[in-house]
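**Student:** got a structure for you, letters missing:
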């Protein structure tokens, strides 16, 4: 493993996969369970190319480097500080030959990488609509959680442009926007093929939706069994422990 100097406020977290670690700054933004669940839901072909839109800390490319045989994983991030931090995590884990972090705008992904250039596109995009009323809409946490710099359509449009025909798109989002997600994906010919709802407890409403689309796919979707996070208060279910690698 490489060695990296941490900046003030940063910490190192163990990812429980291949000995990989990641640099995070709690005052700016830390990855959440949604990113881990997406990396568990997504897959990539051996030798394939993967693009993660809005990569943040680089968590999804790093976790997918551990669990797939993809040849190249690219993380696109618009925030300079996040991109620089993600790149240091790549170096820390000796993944420079496999994982690349690119600073840039999701809306320009097609120009940056070329059309139909990836087998898989992943995204854990901002969930909340707009930045109205935010005290600091330019802050890293606001940009990661609210549609300040990009919206759902920007993400889906970029994925459709960058995917090869038949390529797969994987996204985690919020169930309250599921109708919009389906309509937007369909309008860009990313046919929803697989969906799984994530529930905090078995008797609660779902808090996340994991969705897979195929570029140019036929109209047929498989709804997978629910994914339950907690068996009881503070105790994860076995499936969550397995996804995390504990």
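**Tutor:** Here it is on my side, so go on. In this text the structure is predicted, and so the values were computed from the model without any measurement. Numbering: from 1, shown residues only.

**Student:** For my notes, confirm residue 73 occurs in a strand.
**Tutor:** Yes. Secondary structure of residue 73 (DSSP: H, G, I helix; E, B strand; the rest coil): part of a strand.

**Student:** And the contacts of stretch 28-39?
**Tutor:** 9, 22, 24, 56-57, 59-60, 63-64, 67, 81-82, 122, 124, 140-141, 144, 170-172, 198, 208, 210, 227, 229, 243-244 (CB atoms under 8 Å, 6 or more residues apart in numbering). Every residue, glycine included, has its C-beta placed from N, CA and C.

**Student:** Centre of the chain to that stretch, how far?
**Tutor:** Put simply, stretch 28-39 sits 7 Å off its chain's centre (CA atoms, centre = their mean, to the nearest Å).

**Student:** what's the span of that stretch from first residue to last?
**Tutor:** 22 Å (CA to CA, to the nearest Å).

**Student:** do the same with stretch 34-49
**Tutor:** 22 Å.

**Student:** do the same with stretch 51-59
**Tutor:** Note: stretch 51-59 ends 12 Å apart using CA to CA.

**Student:** For this protein, just list every one of the strands.
**Tutor:** Listed in chain order, the strands of the chain (DSSP state E) span 11-14, 21-24, 49-53, 72-77, 99-103, 118-123, 163-173, 190-199, 208-215, 222-223, 227-228, 230-232, 235-236.

**Student:** Kindly state which of those strands is positioned closest to residue 5.
**Tutor:** strand 21-24 (10.1 Å; CB to CB).

**Student:** what residues does stretch 207-217 touch?
**Tutor:** With CB under 8 Å, 6+ apart, stretch 207-217 has contacts from 34, 37-38, 41-42, 159-160, 163-175, 178, 181, 185, 189-200, 227, 229.

**Student:** filter the residues you listed to the buried ones?
**Tutor:** For the contacts of stretch 207-217, a burial check counting by 16 or more other CB atoms under 10 Å picks out 34, 37-38, 41-42, 159-160, 163-164, 167-173, 175, 178, 181, 185, 190-199, 227, 229.

**Student:** Hmm, residue 24 and residue 10 touching each other?
**Tutor:** Yes. Residue 10 lies in contact with residue 24 (CB atoms under 8 Å); the separation is 6.8 Å.

**Student:** higher neighbour count, those two?
**Tutor:** Using other CB atoms under 10 Å as the criterion, residue 10 and residue 24 rank with residue 24 on top: 21 against 16.

**Student:** OK, contacts around the more buried one?
**Tutor:** Residue 24 touches 10, 11, 12, 13, 30, 31, 57, 85, counting by CB under 8 Å, 6+ apart.

**Student:** Helices of this protein, start to end?
**Tutor:** 33-41, 59-67, 80-92, 109-113, 140-145, 152-162, 178-187, 238-244 (DSSP state H).

**Student:** shared neighbours of residue 10 and residue 24, which are they?
**Tutor:** Common neighbours of residue 10 and residue 24 (CB under 8 Å, 6+ apart) are residue 85.

**Student:** Give me the neighbour count for residue 201.
**Tutor:** Applying other CB under 10 Å, I find that residue 201 has 14 neighbouring residues.

**Student:** That should have said residue 221, apologies.
**Tutor:** So residue 221, with other CB under 10 Å, has 14 neighbours.

**Student:** will you turn the strands of the chain into JSON lines that also has mean pLDDT and distance to residue 92?
**Tutor:** As requested, these are exported to JSON lines (pLDDT from 0 to 100; distance: least, CB to CB, whole Å):
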{"stretch": "strand 11-14", "mean pLDDT": "93", "distance to residue 92": "8"}
{"stretch": "strand 21-24", "mean pLDDT": "94", "distance to residue 92": "6"}
{"stretch": "strand 49-53", "mean pLDDT": "98", "distance to residue 92": "18"}
{"stretch": "strand 72-77", "mean pLDDT": "98", "distance to residue 92": "14"}
{"stretch": "strand 99-103", "mean pLDDT": "98", "distance to residue 92": "11"}
{"stretch": "strand 118-123", "mean pLDDT": "98", "distance to residue 92": "21"}
{"stretch": "strand 163-173", "mean pLDDT": "98", "distance to residue 92": "25"}
{"stretch": "strand 190-199", "mean pLDDT": "98", "distance to residue 92": "29"}
{"stretch": "strand 208-215", "mean pLDDT": "98", "distance to residue 92": "28"}
{"stretch": "strand 222-223", "mean pLDDT": "98", "distance to residue 92": "37"}
{"stretch": "strand 227-228", "mean pLDDT": "98", "distance to residue 92": "30"}
{"stretch": "strand 230-232", "mean pLDDT": "94", "distance to residue 92": "31"}
{"stretch": "strand 235-236", "mean pLDDT": "94", "distance to residue 92": "27"}
